[in-house]
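> sharing a model prediction with you, sequence too.
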Amino acid sequence: MNKHLCEDKSKNTGRYYQLIIHRISCEYIFKKFGMKRSKTLNVTPNIFSMEYWSMRIEELLSSLKTSKKGLDPKEAEKRLKQYGYNRIEERKTKTALKIFISQFKNPLIYILVFATLVAAFVGEKTEAVIIMAIIFLNSVLGFFQEYRSEKALEKLKKYIKFKAKVIRNGEKTEIDAEDLVPGDIVFLNIGDKVPADMRLIDVQDFSADESILTGESIPVYKKTDPLKKENPNPQDLINTAFMGTIVASGTATGVVVSTGGSTFFGKTASSLEQEKRTEFEENMSRFGNFLLKVILLTTIFVFAANFLLHKGLIESLLFALALAVAITPEVLPIIITVTLSRGALKLAKKKVVVKRLSAIESIGNMNILCTDKTGTLTENKIIMTDYFDLDGKKDDRIILYSLLANSAVVTKDKITGNPLDVAIWEYAKDTSIEKFEKVDEIEFDFERRRMSTVVKDKKNILISKGAPEAIIEICKDIDKKKAMGKVKELSSAGHRVLAVGYKEIEPKKDYTKDDERNLTFLGFLTFTDPPKKTAKEALEKFHRLGVEIKVLTGDDPSVALKVCNDLGMEVKEDEVVIGFDGNVEKARIFARVNPEEKLEIVKRLKEKHVVGFLGDGINDAPALKIADVGITVDTASDVAKDASDVILLKKSLNVVANGIREGRRSFGNIMKYILNTISANFGNMFTIAISSLFLKFIPLLPTQILLANFVTDMPMLSISTDNVDYDTMKRPKKWDIDLISKFMMHFGVLSSLFDFITIFILMYVLNLAVPAFRTGWFLESCLSEITITFAIRSKKKFYKSKPSKTLVFMSAATFLLILFTIYSPIGRYFEFSKLSIPFLMLVFVILLCYFASAEILKRYFFRKYEF
């Protein structure tokens, strides 16, 4: 019988597609360890401490001081201390010292160091000391923020665990894969990622995809026999399963021979190259290039203008360098890291774990979510509701024969297996089948959509159970039109339906699917998977968030339609399609889809949308991989988890909705920093560049520019804590350099306008001396940048959007620090002069007018440009 099944065309096709699934799962290994695929390996690293491949199984177990009953827990603990954890370090954790040193590995720091050397060379020792002090303080600030983020990432990684099924002390159990030690007995199933190098001691139709190690795409079928080979290549060891490879078919049991860095994978991992950047990182790179061009052109212009106006070479150079640093949003990487890591930790507490920080932006930008029906919209608990024959009458043989043609495993404690088969047992309870002897079984496959069992009482009986259409087509003497009408009626009512047929059959050695014909139709069984109580509320959240739900299910279209409409989705019949339909935009339910079709649907939707895909099965891996946001659950197969970007600790649409909101909150706060800083810096840059042309002196000293840059960054470091308006999170957002440029122009010009008003008052109304002029402009420039944050942080009127307490506190503290610096003895090192109280009041009037103007401009800008 098995021979016939193996030769079945559908199974071969399924196996080929299975290969595709497992190959894409290997890509996660490269992503996880920062690598790319290697070519076929011809040189074997010296990783084999003994020739385990050549030993008989009993000899190997003896050498490893273990047995098929597994290790004693105490012995396993002892070996864990001896061999270490079974893991390959993705990268060494940064120490506090390394993080601190990394703060100085920055082009802007190099510019400042150069400026310090120039100042010292020309005898400006005070200026040189001040610049060095600013470098140090800026680095300390960056260190504390990055150190906190590093610790947050370490905490985040603890949420993601891979498990291994082992025998310890004679009992089957599940442990963290990193706790495996040499001598452990491990079970492997299809879709598992092999957790360590192991010699196989039992296999059932077992093959592994080893393309990650060898580059060969065809799965390798394994056996348990000893191999007489000297210095073999890994591809020669067909009795070994290697760490990082994927189980392509069958099951196996193996004994661990190497773990962690001692595995073949561990030895080769370090030689492979880095991964490519994500879309988020590409957007950041484009934004950085845009800023670089603006800064470079402005700096050259300012230096040339000041030098040609005879303001001194050194003074002009220091001024231009300071300006270049000041107009650069140098803490942007810190802001992004802090904001995303903070968001990641918040998400983890809400049962959403991101595997990399950039996934937070992706989940926030998502505007279509493709999801299965089962387990997300429904309880994923199949309940049998009824049974009857074609005339609606009860016939207990329907239950009895359904138990006989049943793949569920029944023990004293529980019933496991196919959910429909389990539901039949739970419904039947006391029905006895002991008098029947099982003779043979023809397994279920997706082409036939049924299974058959041959049992013997007094005679041999072949019983088939499966999809109603699949049973009706092999039955004789049945009104097929009436039967299919009944099926449609039941399906439209939201029931899943199975049918049962039977016939007496002559005894023979082997039964095949060719025997499934001329059966007598017995009756129907109906089942339901109740809608989740929380699903309706979750769907409403998605609607409010501007995310369209598309249901991709292998279930009957009528059942899917009934469930979706019961949950308030209001899906029309013409929005339900079977399989892949070219019109993916209009369709909302794709019924009876196979994995290939899921992949095509996601591909097509990605052409115009940011697509999320929620799945947890082995066959979902291709769609998870290709989606903009692959989402799976912690209980999913290793292949699905490997292919995903986000892992849910609880399978619920509410949890995904929380993730979307947090993603948009993080993105919103990052954009606040960018819009605030880029507009303020552009305004200052434009003002300084223009004022340099008509002022007879440099408007701000280099040390004053650097101090202004330092103090105005302080409140921005708390922007990750800020509240984000609900309206901002209602729709997906994406990076838009063109819109950022428009914002910069509008608000930069406004900033410059009030700068020039300040300059006019200082120069021509108050006739201030140069030190007082610089102090006044420094004060107005710094306070205006801090103040304007509270206007442009929200589209709403400022008093209708509450900022975070941390942002308010940091802004107030910086405000006081600026005043303290000017009026304290520290001020003389920056060549500040003390300003009168009436002048301070004038500055506050200017700030008030600036803030009011920004509020008016904000309303105009956000009405004209959708953001």
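Everything's here; your move.

> give the contact list for the residue sitting nearest the centre point of the chain.
A centroid search over the chain (C-alpha atoms, centre = their mean) returns D645, at 2.6 Å, as the residue closest to the centre. Listed by C-beta atoms under 8 Å, 6 or more residues apart in numbering, the contact partners of D645 are 354-356, 359, 362-363, 629-631. Heads up, the C-betas are built off the backbone N, CA and C, glycines and all.

> report the two of those residues separated the most.
The span of the contacts of D645, defined through C-beta to C-beta, is set by R356 and I631 at 13.7 Å.

> okay, now the domains of this protein?
Domain segmentation of the chain under automatic domain parsing yields 2-72+180-269, 98-153+278-346+659-864, 352-378+532-651, 385-524.

> which one's more surrounded, R356 and I631?
Remark: of R356 and I631, I631 carries more neighbours, 29 against 18, as counted by other C-beta atoms under 10 Å.

> okay, and for the stretch 301-450 of the chain, where does confidence drop off?
For the stretch 301-450 of the chain, residues meeting the criterion pLDDT under 70 lie at 310-311, 322, 325-331, 333, 430-431.

> rerun that using 90 as the cut-off
Applying pLDDT under 90 to the stretch 301-450 of the chain picks out residues 301-365, 372-382, 407-420, 422, 428-435, 442-449.

> looking at the contacts of D645, which are in strands?
Counted as lying in strands by DSSP state E, out of the contacts of D645, are 354, 629-631.

> of these, closest to L599?
Here the nearest of the ones in strands among the contacts of D645 to L599, counting by C-beta to C-beta, is G630; it sits at 11.9 Å.

> once you drop chain neighbours, what's closest to the closest one?
Distances taken as C-beta to C-beta, 6 or more residues apart in numbering place L624 nearest to G630, at 3.6 Å, with adjacent residues excluded.

> how is that neighbour assigned, secondary-structure-wise?
Under the three-state scheme (DSSP: H, G, I helix; E, B strand; the rest coil), L624 adopts helix.

> mind checking how far it is from L649?
Separation of L624 from L649 (C-beta to C-beta, to the nearest Å) stands at 17 Å.

> looking at the two, which one has more neighbours?
Legend: neighbour count by other C-beta under 10 Å for L624 and L649, higher for L624 (33 against 17).

> most packed of the domains of the chain?
Of all the domains of the chain, domain 352-378+532-651 has the most neighbours on average by mean count of other C-beta atoms under 10 Å, namely a mean of 21.

> now do the same end-to-end measure for that domain.
One end of domain 352-378+532-651 sits 10 Å from the other (C-alpha to C-alpha, to the nearest Å).

> rewinding a little: possible to save the domains of the chain as a markdown table with distance to L80?
Below are the domains of the chain laid out as a markdown table (distance: least, C-beta to C-beta, whole Å):
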| stretch | distance to L80 |
| --- | --- |
| domain 2-72+180-269 | 5 |
| domain 98-153+278-346+659-864 | 25 |
| domain 352-378+532-651 | 22 |
| domain 385-524 | 31 |
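
> closest one to R87 among these?
When the domains of the chain are compared by C-beta to C-beta, domain 2-72+180-269 sits nearest R87, at 5.7 Å.

> what secondary structure does F613 sit in?
Look at F613: counting by three-state DSSP, its state is strand.

> how about it, nearest residue that isn't a chain neighbour?
A627 (3.7 Å).

> state the pLDDT value of that neighbour.
The per-residue pLDDT reported for A627 equals 90.

> ok, it - contacts?
Each residue near A627 by C-beta under 8 Å, 6+ apart is listed here: 370, 602, 606, 611-613.

> go on, V186?
V186 makes contact with 164-166, 180, 195-196, 198, 253-256, according to C-beta under 8 Å, 6+ apart.
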